[in-house]
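> Could you work out the structure for the sequence below:
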Amino acid sequence: MMRFLKPLMGFWLLLCCLVVATDATYLKYKDPKQPLGARIKDLMGRMTLEEKIGQMVQIERAVATPDVMKNYFIGSVLSGGGSVPAEKASAETWVNMVNEIQKGSLATRLGIPMIYGIDAVHGHNNVYNATIFPHNVGLGVTRDPELLRRIGEATALEVRATGIPYVFAPCIAVCRDPRWGRCYESYSEDHKIVQQLTEIIPGLQGAIPPNSRKGIPFVAGKQKVAACAKHFVGDGGTTRGIDENNTVIDYNGLLKIHMPAYYNSIHKGVATVMVSYSSWNGVRMHANRDLVTGFLKNKLKFKGFVISDWQGIDRITSPPHANYSYSVQAGVGAGIDMVMVPQNYTEFINELTRQVKNNIIPMSRIDDAVQRILRIKFLMGLFENPLADNSLANQLGSKEHRELAREAVRKSLVLLKNGPSADKPLLPLPKKAGKILVAGTHADNLGYQCGGWTITWQGLSGNDLTVGTTILNAVKNTVDPVTQVVYNENPDAGFVKSNEFSYAIVVVGEPPYAEISGDSMNLSISEPGPSTIKNVCSNVKCVVVVVSGRPVVMQPYVGVANALVAAWLPGTEGQGVADLLFGDYGFTGKLARTWFKTVDQLPMNVDDSHYDPLFPFGFGLTTKPNKY
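So this is what the prediction gives:
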């Protein structure tokens, strides 16, 4: 009998060992069938302090080697403006880079995937061949939430095409002074328009399912990205429009003007919120616990994670980094969950570790931060799908997305003047003419047309930066084959007089800029723009097209120009400008910003007691499309 029992006992022993081994390797946090809360709790229970602090760190891709990711348990990586794996890198090159970094994270003890973030503020703007949409200042003109949702959808696909699941967009600032160098990142001076256009968030992330709780972050899978509402809060209201400066306004004013779009963003499930460099009544937002924790997290019930801006905690002190221990304590203590420390990550990790071990920052604050970060990573499906593939590569700069951008350009232009009177309009221009002149610094310059935050942080000049259509080429594409198009960037008066042009199109404006480099106290168009307007428009019928990130000084030129168009920063699809100039479509745009007469009036916003604009908020002439 024993010789039959021995094999049977051996079998049961083996079976028991297998069961024990299976139980030992079962990790609840890796089981997508488990409830979200259970997965977070299980993973948190397994993490060391070192692993938790690592999750709170976001570093620049230039220093994000697989070994760094593995050794420091880094939770996130970003591309700063212009930080790319290679010049004119393909979607495949981007995917390979992101995956290589991700493999370092997956090789850690717990295999927590990192989340890669990038600025995609008017399309996937860092990436060669991506569709570059009009900047927000133009999109505000459209007052079209459904258009913004579609732009969000297209942007998400192009970002995912490069293996990236997280974007630092949208900017929901309410720019109250066009002297601010980031005014083009704002939809409007009116918070109601900004609120409407938060519809880009469900475009980026996907619409919250009908039966889900409002305000809970939501990202709908591998073709969507986590969004980031920024910059919390009051960044568009600084004194004299100086970037990163002080917003002086009472509590009710802050809630009435600068806060409303955050209600909408959270209601629509925005995954993250970025804190502003600016101060509110002298208190740096990166150190403002009352607003970040007290209001955003506790009162508005925001459940996603709060991220700092680039070296944002360093700038709590003036000069930056003057007292780093204080900055870490103040920033993390205020409620910032993920800290953007592009290069000096070891300094931050060491300092935060020291403060936790010495009970300067409580462990409960670390746990709150890490739970929020993990919540987004689980919601996005990063644990199930940490590595990207090339299946969406054809979405980058696709024909459909470029057509959408062209539509957005058409809807974003504002016709400010059209002929001496309504019964003698200059626009639409005839396509069939003997000879026409196209002039101006911005007529054949794709970089100027796109503005800042395009391929590089500050933007570029020229036509080699990416793929697109300049306004000059759009004009050539549109006119009748018999029409001769002459391009002269800055013609003198003699040239204009001697050529017998039927009419002229003059395209002038601002050079590209971003953030503090764009702060301007005079808002003037630099030479040779004014000279070109004078030389051309004094000698032939002309339409002046202004390419700028905000209203600029135009009062001296209104009289000499027969027609005047605000084109803002239209992006890569200049064909949308020609669509309106030649009447294939009609002008419909209405100003979402007040156009001042002189800078001495600033700040001046609709409903101010001293309101005396050149063109008021809501102004915009309309035309009907030609019926050829």
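
> would you list every one of the helices in the stretch 1-150 of the chain?
For the stretch 1-150 of the chain, helices defined by DSSP state H, counting those that start in this stretch occupy the ranges 2-25, 36-46, 49-55, 66-72, 91-106, 136-142, 145-161.

> Can you give me the buried ones in the second one?
Put plainly, it is helix 36-46. Neighbour counts over helix 36-46 (16 or more other CB atoms under 10 Å) mark R39, I40, L43 as buried. In short, each C-beta sits where N, CA and C put it, glycine included.

> can you check stretch 465-482 too?
Buried, per 16+ other CB under 10 Å, within stretch 465-482: 465-475, 478-479.

> Pretty sure A107 sits against V68.
No - under the criterion of CB atoms under 8 Å, A107 is not in contact with V68, lying 11.7 Å apart.

> Who has more neighbours out of those two?
A count of neighbours by other CB atoms under 10 Å puts V68 above the other of A107 and V68, at 17 against 13.

> Excluding chain neighbours, what is closest to that one?
Counting by CB to CB, 6 or more residues apart in numbering, V68 lies nearest to I74, which is 6.4 Å off, once chain neighbours are set aside.

> try L110
Excluding the flanking residues, the one nearest L110 by CB to CB, 6+ apart is R46, at 6.1 Å.

> Strands of the stretch 201-350 of the chain, residue ranges please.
With DSSP state E, counting those that start in this stretch as the criterion, the stretch 201-350 of the chain has strands at 228-232, 246-247, 272-275, 279-280, 283-284, 305-307, 339-340.

> now for the second one, which elements pack on it?
Based on contacts counted as 3 or more CB pairs under 8 Å, 6 or more residues apart in numbering; DSSP states H and E, the elements that strand 246-247 packs against are strand 279-280.

> Direction included, what does the strand it packs on pair up with?
Strand 279-280 has the following strand partners under DSSP bridges: strand 246-247 (parallel), strand 283-284 (antiparallel).

> what's across from the residue minimising distance to the centre of the chain in the sheet?
With distances taken as CA atoms, centre = their mean, V121 lies nearest the centre of the chain, 2.1 Å away. Counting by DSSP bridges, V121 is bridged to G123.

> pLDDT value on it, please?
Predicted confidence (pLDDT) at V121: the value is 98.

> wait, doesn't it sit right on A169?
Yes - V121 lies in contact with A169 (CB under 8 Å); the separation is 5.0 Å.

> can you list the domains in the chain?
51-393, 412-613 (the TED database).

> okay, how far is it across the first one, tip to tip?
Right, the one you point to is domain 51-393. With CA to CA, to the nearest Å as the measure, domain 51-393 spans 34 Å from end to end.

> now swap in stretch 443-459 and tell me
Stretch 443-459 has its terminal residues 17 Å apart, counting by CA to CA.

> quick one: P512 and K230, what's the gap?
20 Å (CB to CB, to the nearest Å).

> same question, G451
18 Å.

> which one of the two has more residues nearby?
The neighbour count for G451 versus K230, taken as other CB under 10 Å, is higher for G451 (33 against 25).

> what pLDDT does the more buried one get?
For G451, pLDDT reads 98.

> With the one 4 residues further on instead?
Reading off the per-residue confidence, I455 sits at a pLDDT of 98.

> S421 too?
Looking at S421, the pLDDT reads 86.

> what does K590 give?
pLDDT, read off for K590, is 98.

> what do you get for V20?
The model's pLDDT for V20 equals 41.

> quick one on the thing from earlier: helices - which of the buried residues of stretch 465-482 land there?
Applying DSSP state H to these, the entries found in helices are I471, L472, N473, A474, V475, T478.

> Tell me who's in contact with V485.
I436, V438, L472, V475, K476, V479 (CB atoms under 8 Å, 6 or more residues apart in numbering).

> among the helices of the stretch 1-150 of the chain, which is the most enclosed?
Among those, helix 136-142 has the highest mean neighbour count (mean count of other CB atoms under 10 Å), at a mean of 28.

> Turn the helices of the stretch 1-150 of the chain into JSON lines, columns for distance to Y326.
Shown next, in JSON lines, are the helices of the stretch 1-150 of the chain (distance: least, CB to CB, whole Å):
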{"stretch": "helix 2-25", "distance to Y326": "45"}
{"stretch": "helix 36-46", "distance to Y326": "28"}
{"stretch": "helix 49-55", "distance to Y326": "18"}
{"stretch": "helix 66-72", "distance to Y326": "23"}
{"stretch": "helix 91-106", "distance to Y326": "31"}
{"stretch": "helix 136-142", "distance to Y326": "34"}
{"stretch": "helix 145-161", "distance to Y326": "36"}
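
> Please, which helix or strand holds the closest residue to L581 other than its chain neighbours?
Sequence neighbours aside, L429 is the residue nearest to L581 in space, at 5.5 Å (criterion: CB to CB, 6+ apart). Per DSSP states H and E: L429 is located in neither a helix nor a strand.

> Could you double-check that L429 lies in contact with Y503?
Yes - L429 sits in contact with Y503 when judged by CB under 8 Å, with a separation of 6.2 Å.

> Mutual contacts of these two, please.
Common contact partners of L429 and Y503 (CB under 8 Å, 6+ apart): I436, V543.

> These two: which has the busier surroundings?
It is L429, of L429 and Y503, that has more neighbours when counted by other CB under 10 Å, with 23 against 18.
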